[in-house]
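Student: show me the folded form of this:
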Amino acid sequence: MTIREQALSAKKAAARLASVSTEVKNKALAAMAAALMEKKDEILAANAEDVKNARAKNIRESMIDRLTLNEKRLKEMSEGLLQVASLKDPVGEIISGTTLANGMTLTKIRVPLGVLGIIYEARPNVTSDAIGLALKSGNAVILKGGSEAILSNTAISGALADAAYSGGIPEGAVQFIKSTDRAAVKELITLTGLVDCVIPRGGAGLIRTVVENATVPVIETGVGVCHTFVDEGADYEKAVQIVLNAKCQRPSTCNALETLLVHEKAAKDFLPLMMQALKDNKVTAISDEGAFVYAPWGERATEEDWATEYGDLRLSVKIVKDVDEAIEHISRYGTKHSEAILTKNYDNARKFKQQVDAAVVYVNASTRFTDGFQFGFGAEIGISTQKLHARGPMALPELTSYKYLAEGDWIVRK
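Tutor: Below is the predicted model:
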């Protein structure tokens, strides 16, 4: 099928899927979870070929890590589908209700968005997450993954679609675009009337392309130039551990730390500890003039570095005068994703929470917690960095809209 034909098929399926019962959706999700494990050999073989091809193209190791599947990761994907099945179905939920003076009852309920277009890069687990979340929230889905994972995504989406249909999901509700041509993205994001919403997941380039060219609504996700500010008088030893966690646990993720801001009065005591820890963990420190004194083995920062999402073991480090300068820096270079302050000063913590504009603002915690599972929402479709409709980890409720049901007793407007 052409992409337009796939969208037409998804649109027809979405109309039927909107009224599918929770029981049927959960049954289908269980079948999908089982299918991933039943077809693990086929999926892992396809993934191994993708990884081989990626290495031949000299793709960086952090991206290889995102691309690579193994039995453990496949099992986690399977368990993720079962967790989605266990979550409350948002479709039909009554948000509010009232009776008007004329006797009309007005009820606001959740409804599916319709057809979701998900555009993402080299992360095969997104294929599974997106299909599971879309179906549970009553949406049909059209997937366009990155060319680096084309074999993996084809195998995963095929296995999940077959299992979903066998479980009672309307045929056509799961579509995967096999073309690796970039023109396919432009076609998908301009299918006004067929695609109800597009969600890009990936780097700044991908998101910018979608936002600038789409004619259908877009929810921006993902780009994370995340900051942590270490205040004067913070617990410096604990701060070192939080920074290491935020930077090193999984540096390729959008909630990983990219810029460390340090109060000038904390620098003398904190930075020797921090820079040694970064060096021990093979993190390249990219420092301003003041911080470079503590890490001459690293690199000097340029203006471009402050706005860069590295996605690997590189960290920008800057000394600032106070919390106000830290907030100003974040306002200028941040991407409204996740920002943190490490402090014992209540007033500074309050100011940071009030003035920093981001989806998630942390006090004395790692930015790595910005995640649907960590927040107790279950699986997520992405981290929204915008303010309209959804913000932060997007779970099932964020994949719905709402409508009003109005019932009267044969009344007319006067």
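Student: domain assignment for the chain?
Tutor: 3-221+381-407, 226-369 (automatic domain parsing).
Student: mean pLDDT and mean neighbour count for the ones you listed - can I get that in CSV?
Tutor: For every residue, glycine as well, the C-beta is placed using N, CA and C. Output for these, formatted as CSV (pLDDT from 0 to 100; neighbours: other CB atoms under 10 Å):
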stretch, mean pLDDT, mean neighbour count
domain 3-221+381-407, 94, 19
domain 226-369, 97, 19
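Student: got CSV for the ones you listed, with distance to Arg413 too?
Tutor: Listed next are those as CSV, based on distance: least, CB to CB, whole Å:
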stretch, distance to Arg413
domain 3-221+381-407, 8
domain 226-369, 41
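Student: ok, which stretches of the stretch 101-250 of the chain are strands?
Tutor: Assigned by DSSP state E, counting those that start in this stretch, the stretch 101-250 of the chain shows strands spanning 105-112, 115-120, 140-144, 174-176, 197-201, 226-230.
Student: pretty sure His263 is touching Val323, no?
Tutor: Yes. Counting by CB atoms under 8 Å, His263 does reach Val323; the two are 7.5 Å apart.
Student: if I look at the two, which residues touch both of them?
Tutor: Common neighbours of His263 and Val323 (criterion: CB atoms under 8 Å, 6 or more residues apart in numbering): 229, 231.
Student: are we agreed that Glu258 is in a helix?
Tutor: No. Assessed with DSSP: H, G, I helix; E, B strand; the rest coil, Glu258 is strand; it does not lie in a helix.
Student: list the contacts for it?
Tutor: Contacts of Glu258 by CB under 8 Å, 6+ apart are 224-227, 308-310, 315-316.
Student: look up how far Ala307 lies from the residue lying closest to it once chain neighbours are set aside.
Tutor: Nearest in space to Glu258, with sequence neighbours left out and distances taken as CB to CB, 6 or more residues apart in numbering, is Val225 at 5.0 Å. Here Val225 is placed at a distance of 6 Å from Ala307 (CB to CB, to the nearest Å).
Student: joint contacts of these two?
Tutor: Tyr333.
Student: distance of His345 from Gly334?
Tutor: For the record, residue 345 is Asn, not His. 21 Å.
Student: what pairs with Pro112 across the strands?
Tutor: With DSSP bridges applied, the residues forming beta bridges to Pro112 are Thr400.
Student: quick check: the gap between it and Gly408.
Tutor: Relative to Gly408, and taking CB to CB, Pro112 is found at 26 Å.
Student: repeat for Thr302
Tutor: With CB to CB as the criterion, Thr302 and Gly408 are 65 Å apart.
Student: once you drop chain neighbours, what's closest to Leu81?
Tutor: Closest to Leu81 by CB to CB, 6+ apart is Ala33, at 4.1 Å.
Student: residues contacting that neighbour?
Tutor: Contacts of Ala33 (CB under 8 Å, 6+ apart): 78-79, 81-82, 85.
Student: check Ala163 too.
Tutor: Ala163 makes contacts with 28, 31-32, 34-35, as judged by CB under 8 Å, 6+ apart.
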